[in-house]
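Asker: how would this look folded up:
(chains A and B)
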Protein chains: 2
Amino acid sequence: MTHELRLSLTLGYDGTDFHGWAVQPGLLTVQGALEEALGMILRRPVRVVVAGRTDTGVHARRQVVHLDLTDDEAAAVISRSSLSLEEALLRRIDGTLARVLGPKRGAVVVYEVRRVPRDFDARFSALDRSYVYRICDARGEWDPLTRRMAWWVPQPLDAALMAQAAGLLVGVRDFAGFCKPREGATTIRGLHSVRVLRAESGMLEVRLRADAFCHHMVRNIVAALVEVGKGAQTPDEVGRRLEGRDVRRRPAMAPPHGLTLDGVSYPPPEELAARAAVTRALREAEPPGEEQVNTSFP
Amino acid sequence: MTHELRLSLTLGYDGTDFHGWAVQPGLLTVQGALEEALGMILRRPVRVVVAGRTDTGVHARRQVVHLDLTDDEAAAVISRSSLSLEEALLRRIDGTLARVLGPKRGAVVVYEVRRVPRDFDARFSALDRSYVYRICDARGEWDPLTRRMAWWVPQPLDAALMAQAAGLLVGVRDFAGFCKPREGATTIRGLHSVRVLRAESGMLEVRLRADAFCHHMVRNIVAALVEVGKGAQTPDEVGRRLEGRDVRRRPAMAPPHGLTLDGVSYPPPEELAARAAVTRALREAEPPGEEQVNTSFP
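Answerer: Model (predicted):
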């Protein structure tokens, strides 16, 4: 069976009731639900490739996956409708996902199906990933309706100090101090930006963009920034934690439910192949099992 | 047992997992959970009086209740702490509510405990109630994280047309066309304002303020406005539905989960007694069981 067509899917999910992204036997995972729905439509086992795996309890607003279809499968999806393949598949996914999710219907939404070049790889072609971490830092703002998407912190945080500390982390740096290093895998990442801002809702948002993130990197950075916001650590202390210095005062990781993968960006079509080749080469220099690929290795 | 002290509590809740506000045997309700927590603290059955009962699935951001304590009970709450009664009770409620709610911890949050005059009545002293109804009117904005608090409508709505229709409803009017009238109970209400606005999140918000609302009035108004926003009805048709005219094209009520009781306002202390007397007199002219009291009866 040759696969003639490559499609990308953009999806969002509420990670609350899932055991993370990756398929695990006997557990409800986002990948598992999506692949089950796609399998019902294509009548065969389906595996998708994802841009960024997320941990248990972490959400996504614009996650990206890719999968391949044969021409025959595409024709079967369109069937006798007058819809395009993309529209027809989107509608079929809506229906089958609702059946797969049952009472959790709506916890995963596929926003878009796109035909992409064969060089497109949801994981290896990605230029960068954006995350947002939401914090409610006033008891009066602990809205029960947003309790599944925001970390409730009891005292007001100093956003300006947090932004100052965040600024010290930006750049191509070794984030060993903010993640659990794995034997043989680099912890050097290119953190393009970290913004700390107050949303209209009153929530504090930490918005981060990087070529890739080490495992638990965002949640460790956020925990450190919150310590600064409380006045329990200085921005300088956070800066010193880079490259593994001054690791004595390391707060517990921020909880997963405040974290959302906000988006993934890709280069223009003509650069997809080159980008994937670069990332894949770096990836293959590392032991298997690394969660997110590093592309800023010097 | 004489009750010497009257307290008001301000609370918020996620109505998703509750069978509405009002206590029902064998069912999880917000009132039931709150009274159980208060009963554990005061070691006696507790009944609270609420500003606005909410239906199954409806949320609240700033709901208000009152209850009475004896001096002895107040002393027992404070115990040996150096806290004020208000602070001590708030802390105790936090702990007991968490125990009562178990895995639903955080679904109800008490924000404030206040000592109020004996003339204060959470229900009868209220000047007006504010509700917000949230709508996601673009498929790309159907964020799984907000699916429990917003109505997902598949097509973009014309907010300007909706605002125009909303304007026709403002005033002291007979809302029989927007609620299920009850024998002997008036359906005249004073609707102070209806605003239709686009929030930073991209969601459409319908914000309503009235002295009181008939049962299902907000959800019927929102359903009518959404028909206008879709272009399926004209603002004039909505206007004609006032006073029961032109009831042919009545859309299904908007679902409960988009609706949140946003707040309740009260007069200054010196006017509490007079306000309660006025509302109570109107209330007693109606048969029992009416959900929300009307105070704008001419």
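
Asker: show me where chain A has its strands.
Answerer: A:5-13, A:49-50, A:59-69, A:108-116, A:128-136, A:151-152, A:171-174, A:188-198, A:204-210, A:259-265 (DSSP state E).

Asker: so which of those strands comes closest to residue B:59?
Answerer: Ranking the strands of chain A by proximity to residue B:59 (Cβ to Cβ) places strand A:128-136 first, at 16.0 Å. All C-beta spots, glycine's among them, are computed from the backbone N, C-alpha and C.

Asker: any part of that closest one near chain B?
Answerer: No - applying Cβ under 8 Å from any Cβ of the partner chain, one finds strand A:128-136 out of contact with chain B, separated by at least 9.5 Å.

Asker: what does stretch A:187-197 give?
Answerer: No - against chain B, stretch A:187-197 shows no contacts by Cβ under 8 Å from any Cβ, the least distance being 11.5 Å.

Asker: in that stretch, what's buried?
Answerer: By neighbour count on 16 or more other Cβ atoms under 10 Å in any protein chain shown, the buried set for stretch A:187-197 is A:187-192, A:194, A:196.

Asker: nearest to residue B:49, of those residues?
Answerer: When the buried residues of stretch A:187-197 are compared for distance to residue B:49 (Cβ to Cβ), residue A:196 wins out at 42.5 Å.

Asker: which bits of chain A sit near chain B?
Answerer: Within chain A, the positions adjacent to chain B are A:12-14, A:59, A:61, A:106-109, A:111-112, A:139-140, A:142-145, A:147-149, A:152, A:199-201, A:260 by Cβ under 8 Å from any Cβ.

Asker: in PyMOL, how would I select the buried members of those residues?
Answerer: To isolate the buried ones among those in PyMOL, judged by 16+ other Cβ under 10 Å, type:
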select buried, chain A and resi 12+13+14+59+61+106+107+108+109+111+139+142+143+144+145+147+148+149+152+201+260
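
Asker: before we move on, back to that, of all the strands of chain A, which lies closest to residue B:269?
Answerer: strand A:128-136 (31.4 Å).

Asker: pairing partners for the closest one, with directions?
Answerer: Here strand A:128-136 has these sheet partners by DSSP bridges: strand A:151-152 (parallel), strand A:204-210 (antiparallel), strand A:259-265 (antiparallel).

Asker: how about the last one: buried residues?
Answerer: Right, the one you point to is strand A:259-265. Quick answer for strand A:259-265 (16+ other Cβ under 10 Å): A:259-264.

Asker: and the longest helix seen in chain A with strand A:5-13, angle?
Answerer: Longest helix in chain A, counting residues (DSSP state H): helix A:85-101. In terms of direction (axes from the mean of the first three to the mean of the last three Cα atoms, to 10 degrees), helix A:85-101 departs from strand A:5-13 by 50 degrees.

Asker: tell me the helices and strands packed up against helix A:85-101.
Answerer: strand A:5-13, helix A:30-42, helix A:71-78, strand A:108-116 (3 or more Cβ pairs under 8 Å, 6 or more residues apart in numbering or on different chains; DSSP states H and E).

Asker: residues contacting residue A:87?
Answerer: residue A:113 (Cβ atoms under 8 Å, 6 or more residues apart in numbering or on different chains).

Asker: just residue A:253 next, same as before
Answerer: Neighbouring residues of residue A:253 by Cβ under 8 Å, 6+ apart: A:216, A:219-220, A:223.

Asker: let's have the strands paired with strand A:128-136 in a markdown table, adding mean pLDDT and distance to residue A:76.
Answerer: Shown next, in a markdown table, are the strands paired with strand A:128-136 (pLDDT from 0 to 100; distance: least, Cβ to Cβ, whole Å):
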| stretch | mean pLDDT | distance to residue A:76 |
| --- | --- | --- |
| strand A:151-152 | 98 | 45 |
| strand A:204-210 | 98 | 39 |
| strand A:259-265 | 98 | 29 |
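
Asker: save the buried residues of strand A:259-265 as CSV, and put in distance to residue B:74 too.
Answerer: As requested, those are arranged in CSV below (distance: Cβ to Cβ, whole Å):
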residue, distance to residue B:74
A:259, 42
A:260, 44
A:261, 49
A:262, 48
A:263, 53
A:264, 56
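
Asker: which one among those residues gets closest to chain B?
Answerer: Comparing the buried residues of strand A:259-265 against chain B with Cβ to the nearest Cβ places residue A:260 closest, at 7.3 Å.

Asker: grab the nearest non-local neighbour of the closest one.
Answerer: Closest residue to residue A:260 apart from its sequence neighbours, by Cβ to Cβ, 6 or more residues apart in numbering or on different chains: residue A:59 at 4.3 Å.

Asker: give the contact list for the one you found.
Answerer: Residues near residue A:59 by Cβ under 8 Å, 6+ apart: A:12-16, A:149, A:257, A:259-261, B:144-145.

Asker: kindly state the pLDDT recorded for it?
Answerer: At residue A:59, the pLDDT value in this model is 98.

Asker: can you pull the buried residues of stretch A:21-37?
Answerer: In terms of neighbour count (16+ other Cβ under 10 Å), stretch A:21-37 has its buried residues at A:21-23, A:29-37.

Asker: which one of the residues you listed sits closest to residue A:229?
Answerer: Distances from residue A:229 to those, taken as Cβ to Cβ, are shortest for residue A:21 (29.1 Å).

Asker: one step back: with respect to chain B, which of the buried residues of stretch A:21-37 is nearest?
Answerer: Looking at these and their distance to chain B, the nearest is residue A:30, at 10.1 Å (Cβ to the nearest Cβ).

Asker: can you add pLDDT and distance to residue B:279 and give the buried residues of stretch A:187-197 back as a markdown table?
Answerer: Below are these laid out as a markdown table (pLDDT from 0 to 100; distance: Cβ to Cβ, whole Å):
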| residue | pLDDT | distance to residue B:279 |
| --- | --- | --- |
| A:187 | 88 | 65 |
| A:188 | 90 | 68 |
| A:189 | 92 | 62 |
| A:190 | 94 | 63 |
| A:191 | 96 | 59 |
| A:192 | 97 | 58 |
| A:194 | 97 | 53 |
| A:196 | 98 | 47 |
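
Asker: mind putting the residues you listed in a markdown table, distance to residue B:164 included?
Answerer: Below are the buried residues of stretch A:187-197 laid out as a markdown table (distance: Cβ to Cβ, whole Å):
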| residue | distance to residue B:164 |
| --- | --- |
| A:187 | 58 |
| A:188 | 57 |
| A:189 | 52 |
| A:190 | 51 |
| A:191 | 48 |
| A:192 | 45 |
| A:194 | 44 |
| A:196 | 40 |
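
Asker: and the angle from the helix or strand of chain A with the lowest mean pLDDT to strand A:108-116?
Answerer: Every helix and strand in chain A was compared by mean pLDDT, DSSP states H and E; the lowest is helix A:272-284, with a mean of 82. Per the same axes, to 10 degrees, the angle that helix A:272-284 makes with strand A:108-116 is 120 degrees.

Asker: roughly how far does residue A:18 sit from residue A:65?
Answerer: To residue A:65, residue A:18 is 15 Å away according to Cβ to Cβ, to the nearest Å.
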